[in-house]
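Colleague: Predicted model, plus sequence, below.
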Amino acid sequence: MYTQRFGQASHGRRNRFNRRSNRKVSKGVNPSLFINKITSSVEENVYEPKFTFEDFNISPELKSNLKYKGFHKPMPIQDQAIPHLLQGKDLIGIANTGTGKTLAFLVPMLEKVMNLENEKVLIIAPTRELAVQIEEDLHALTYRIGVNKVVCIGGTSINQQIYKLRMNNQFVIGTPGRLLDLEKRRALNFSRFTNIVLDEVDRMFDMGFVDDIKFILSQLPQSRQSLFFSATLDNKIEGLIRSHSKDPVMVSVKTRETADHVDQDVVKVAYGQNKMEVLHDMLIKEEFEKVLIFGRTKMGVHRLSEDLQRRGFKAESIHGDKTQYQRQRSLKNFKENRVNILVATDVAARGLDIPNVSHVINFEAPDNYTDYVHRIGRTGRGNKMGKALTFVQ
């Protein structure tokens, strides 16, 4: 446990209700769950894939692009899911965060679009950042391959998206709210999509998108290929998936909790002491190379980022009050190491692939343990070790 003690900071009012689901915020998590000291590397059986990307029945152009991007041996979810998807089967894919789910559905969907006429793929993600990241991954795979795509998310021009949707886009990637807005404006017709991919299904449930997802699924044609990817799967989610798919193959490669690769500890906060000063003292240490700091509220995150900047740190923030351009710029600067501190709300807690995050700091503790696991899952990616610290009172 960290022995330094520091005070409480008030950064804006806490939201007592989730706007979409109208659920009351929980009272918090038992602080003992924030402690998991790792004294040595976690031992795991090394997965040996059955296939290479060269083995898959995909086009030479796609194989070339995969090779150019450094993909040779598939990760477990890719190794087990891609063969089924290339055969046109529906699929439920369960895997830890940071294990390559995106490539697992992009490769077979891209191959299908390249070889069959009139194939259209709808990919739904819970957050704008994840939707943009999926589009970036798709762009990397389509070098010298003629594929049209459009990202439909809030915070950007809906008129520009309406214009792009008039073209023959084989891939439409978006968030539920914006996709429904476009459908209401008759710019998007769900019945034309022959393939549906839901990424981070559990997160969409957590964010209150259940009814939106049910409506979209009900508008799709009966003859389609349906793909569902998630880090967790409870009975409610599985029931929805199975009611909107045909004999889906279940592929689960979740062998551990994300938290098992993260050394976790708490920093106890004493009333009346300066929380910000001790955060400052932590961040100036050499080991804090690339740090993701989580807060609860948009205002609190904004103020914390500004305070760190005034203290000379290279810090930026990402939260819902920023424009999409500002959010993407901050995320890009953090990914490319132009800044080494990113302060964020839970918009950055799921799905995003940010390389080499050395520490996750929960400046304000999350409301539930699921959110905690996904926050700290931004470090300790793949088989790397990470560190997480949570401020508690």
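Modeller: Okay, I see it. The structure displayed is predicted, hence computed values, not measured ones.
Colleague: tell me the contacts of Tyr143?
Modeller: Asn65, Tyr68 (C-beta atoms under 8 Å, 6 or more residues apart in numbering). No exception for glycine: its C-beta is placed from N, CA and C like everyone else's.
Colleague: Next one: it from Phe229, what distance?
Modeller: Tyr143 sits 24 Å away from Phe229, going by C-beta to C-beta, to the nearest Å.
Colleague: Thr102 too?
Modeller: Thr102 sits 8 Å away from Phe229, going by C-beta to C-beta.
Colleague: Could you name every residue contacting both of those two?
Modeller: Common contacts of Thr102 and Phe229 (C-beta under 8 Å, 6+ apart): Asp199.
Colleague: in what helix or strand does Gly312 lie?
Modeller: Secondary structure assignment for Gly312, by DSSP states H and E: no helix or strand.
Colleague: Just give me the neighbour total for it.
Modeller: 9 (other C-beta atoms under 10 Å).
Colleague: On the pLDDT front, check it for me.
Modeller: The confidence metric pLDDT takes the value 96 at Gly312.
Colleague: what's the distance between it and Val339?
Modeller: Separation of Gly312 from Val339 (C-beta to C-beta) stands at 12 Å.
Colleague: Next: Phe215.
Modeller: The gap separating Phe215 from Val339 is 39 Å, by C-beta to C-beta.
Colleague: Quick check: buried residues in stretch 132-146?
Modeller: By 16 or more other C-beta atoms under 10 Å, the buried positions in stretch 132-146 come out as Val132, Gln133, Ile134, Glu135, Leu138, Leu141, Thr142.
Colleague: cool, stretch 165-182 as well?
Modeller: Residues of stretch 165-182 classed as buried: 165, 169-182 (neighbour count, 16+ other C-beta under 10 Å).
Colleague: Now the terminal residues of that stretch, how far apart.
Modeller: 9 Å (C-alpha to C-alpha, to the nearest Å).
Colleague: what residues does it touch?
Modeller: With contacts defined as C-beta under 8 Å, 6+ apart, stretch 165-182 is touched by 109, 113, 119-128, 131, 134-135, 138, 147-154, 158, 161-162, 187-188, 193, 204, 209, 212-213, 215-216.
Colleague: before we move on, what about stretch 228-235?
Modeller: 91-97, 101, 104-105, 197-203, 237, 241, 245, 248, 252, 254, 258, 370, 374.
Colleague: buried ones in it?
Modeller: Quick answer for stretch 228-235 (16+ other C-beta under 10 Å): Phe228, Phe229, Ser230, Ala231, Thr232, Leu233.
Colleague: Alpha carbons of it, as PDB, please.
Modeller: Taking Å, rounded to 0.1, in the frame of the first residue of the first chain, the C-alpha atoms of stretch 228-235 are listed here in PDB:
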ATOM      1  CA  PHE A 228     -21.000 -10.600 -31.600                       C
ATOM      2  CA  PHE A 229     -17.800  -9.800 -29.700                       C
ATOM      3  CA  SER A 230     -17.500  -9.100 -26.000                       C
ATOM      4  CA  ALA A 231     -15.200  -9.400 -23.000                       C
ATOM      5  CA  THR A 232     -18.000 -10.900 -20.800                       C
ATOM      6  CA  LEU A 233     -21.200 -12.800 -21.400                       C
ATOM      7  CA  ASP A 234     -24.000 -13.000 -18.900                       C
ATOM      8  CA  ASN A 235     -27.400 -14.800 -19.500                       C
END
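Colleague: hang on, Pro126 packs against Arg350?
Modeller: Yes. Using C-beta atoms under 8 Å, Pro126 is in contact with Arg350, at 6.8 Å.
Colleague: so what's in contact with these two at the same time?
Modeller: Common contacts of Pro126 and Arg350 (C-beta under 8 Å, 6+ apart): Glu200, Arg203.
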